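1. Quick one, what's the 3D model for this:
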Amino acid sequence: MRPKDRGGGMSLRLRLAFEDGTEREIAGLPWQTVFQAAQAHGIELATDCREGACATCKARCIEGDYDVGDASPEALTAEEEAEGFVLTCQMLPLGDCALCFPYPFSLTGGAVSTQAVLTAVERVAEDTVRFDLAPDREIPFLPGQYAQIGVPGAGAERAFSFSRRDRAEFHARLLPDGLMSGYLAARAKPGDRLDLSGPYGGFFLREPVRPVLMVAGGTGLAPMLAMLEALEGRQPAVLLYGAASARRLFALDRLADSGARVRVAVEEPGGNPSFHTGFVTDLIDRPGSDIDAYVCGPPAMIDAARARLRAAGLAEERIHCERFLPS
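-> Numbering: from 1, shown residues only. Reported below is the predicted structural model:
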């Protein structure tokens, strides 16, 4: 709820600090969210849904008082809120504030909207489809980011991470009642035209200056595939990959050729003896504190991995997470 004492025309000072060291100071009006204030000054902060549900616009307020606004608990957990994290599309400053953003200033250029041709669609696991798009316009993205893709004939769109570093390849989990799932499983054919916009998200591979640990659950592997291609062996990499069963695993051949040390976990017992039986987070064992960690998958997996990494002494700013929610 907007506080009753926020009236008047007095402006607020907002200091925005980005991961690459860039800083900007802007004025905000009492009724503006941080995102709206930045947009009024020509700064397009990373965002997507603008409804407090996707976590794309997450930042950390290190100074000042604010109303957190209407944030989904899946996008902003109670623990994160207690640590000063906010969703800038919802946060209403109550006075001067300073915020830190987990991405460089170069990502504030906004998204590209275009159309794309479906060039390939292939079932790669029991419940996973790989599909390729050829956009009419180039969409520059960083490995790990995602796009919004329109579902033909549905008037809706869904988010998918790029799974190649240099082209629009994606992986989708097939859900029983999913709009995109129904299209990809039954109606998709090469030559179809789809709406496409992006890139979105602050989850991407940073400049590799230390060893990398990746933890992926289900189709949370998709952005990791693009990251591993971009990493190109410049730093040692360990990838922990989990799925409910061996039938849901995909891209194992690409992982074998990636140069990373790969360990696989499946929750269903009786599978490949080289796979761990249990949760992928069970494989996080003494990771050390001098690494960068990337975690992508369902919210429960994210929370468990983050807790293990922090308990091991890894600083919060070295843990990069992307939550995958079914839709």
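2. Return the distance of Leu107 relative to Asp257.
-> 30 Å (C-beta to C-beta, to the nearest Å). (Glycine included, C-beta is placed from N, CA and C.)
3. Which positions within the longest strand seen in the chain qualify as buried?
-> In the chain, taking DSSP state E as the definition, the longest strand is strand 112-125. For strand 112-125, burial by neighbour count (16 or more other C-beta atoms under 10 Å) applies to Val112, Ala116, Leu118, Val121, Ala125.
4. could you show me where the helices are in the stretch 1-150 of the chain, in order?
-> Ranges of helices within the stretch 1-150 of the chain are 34-40, 78-82, based on DSSP state H, counting those that start in this stretch.
5. you'd agree Gln39 is up against Thr47?
-> No: the pair Gln39 and Thr47 fails to qualify as a contact (C-beta atoms under 8 Å) at a distance of 9.1 Å.
6. of those two, who's got more company?
-> Taking other C-beta atoms under 10 Å, Gln39 and Thr47 do not tie; Thr47 has more neighbours (22 against 17).
7. Okay, now the unreliable bits of the stretch 101-250 of the chain?
-> Residues of the stretch 101-250 of the chain meeting the criterion pLDDT under 70: none.
8. what do you get if the cut-off is 90, keeping everything else the same?
-> Across the stretch 101-250 of the chain, the ranges flagged by pLDDT under 90 are 103, 106-111, 177, 201-202, 232-233.
9. What ranges does it have for its strands?
-> Secondary structure of the stretch 101-250 of the chain by DSSP state E, counting those that start in this stretch: the strands cover 112-125, 128-135, 146-151, 156-161, 168-173, 193-200, 212-217, 237-243.
10. Compare the ones you listed and give me the one nearest Asn272.
-> strand 237-243 (11.6 Å; C-beta to C-beta).
11. How much space separates Val238 from Cys321?
-> Taking C-beta to C-beta, one finds Val238 at 17 Å from Cys321.
12. Which one of the two is surrounded by more residues?
-> Neighbour count, other C-beta under 10 Å: between Val238 and Cys321, Cys321 has more, with 24 against 18.
13. Hmm, the more buried one is touching Arg306, no?
-> Yes: between Cys321 and Arg306 there is a contact under C-beta under 8 Å: 6.4 Å.
14. between these two, what contacts are shared?
-> Counting by C-beta atoms under 8 Å, 6 or more residues apart in numbering, the shared contacts of Cys321 and Arg306 are Val295.
15. Leaving aside the residues adjacent along the chain, what's closest to Leu76?
-> Closest residue in space to Leu76, ignoring its immediate chain neighbours: Leu87 at 5.6 Å, by C-beta to C-beta, 6 or more residues apart in numbering.
16. Report pLDDT for the one you found.
-> pLDDT, Leu87: 96.
17. That one: what's it in contact with?
-> By C-beta under 8 Å, 6+ apart, the neighbours of Leu87 are Gly52, Ala55, Cys57, Lys58, Val68, Gly69, Ala71, Ala75, Leu76.
18. pretty sure Glu316 contacts Ala293?
-> No: using C-beta under 8 Å, Glu316 is not in contact with Ala293, being 10.4 Å away.
19. who's in contact with the longest helix belonging to the chain?
-> With secondary structure taken from DSSP state H, the chain has its longest helix at helix 299-311. Identification of contacts with helix 299-311 by C-beta under 8 Å, 6+ apart yields 74, 77, 213, 215, 217, 220, 242, 279-281, 284, 287, 293, 295-296, 316, 319, 321-323, 325.
20. Please pull up the helix or strand immediately following it.
-> Counting by DSSP states H and E, the next helix or strand C-terminal to helix 299-311 is strand 319-323.
21. Only C-alpha atoms, please: export that following strand in PDB.
-> Extracted C-alpha coordinates of strand 319-323, given in PDB (Å, rounded to 0.1, in the frame of the first residue of the first chain):
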ATOM      1  CA  ILE A 319      25.800 -16.300  -6.400                       C
ATOM      2  CA  HIS A 320      23.700 -15.600  -9.600                       C
ATOM      3  CA  CYS A 321      20.300 -17.200  -9.700                       C
ATOM      4  CA  GLU A 322      17.500 -17.600 -12.200                       C
ATOM      5  CA  ARG A 323      14.200 -19.100 -11.100                       C
END
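22. just use 150 as the starting number from now, easier for me
-> I'll keep to 150 as the first residue from here, and by that count the last item is strand 468-472.
23. What strands flank it, and is each parallel or antiparallel?
-> Using DSSP bridges, the strands paired with strand 468-472 are strand 441-446 (parallel).
24. got the angle between the strand it pairs with and strand 305-310?
-> Interaxial angle of strand 441-446 relative to strand 305-310 (axes from the mean of the first three to the mean of the last three C-alpha atoms, to 10 degrees): 150 degrees.
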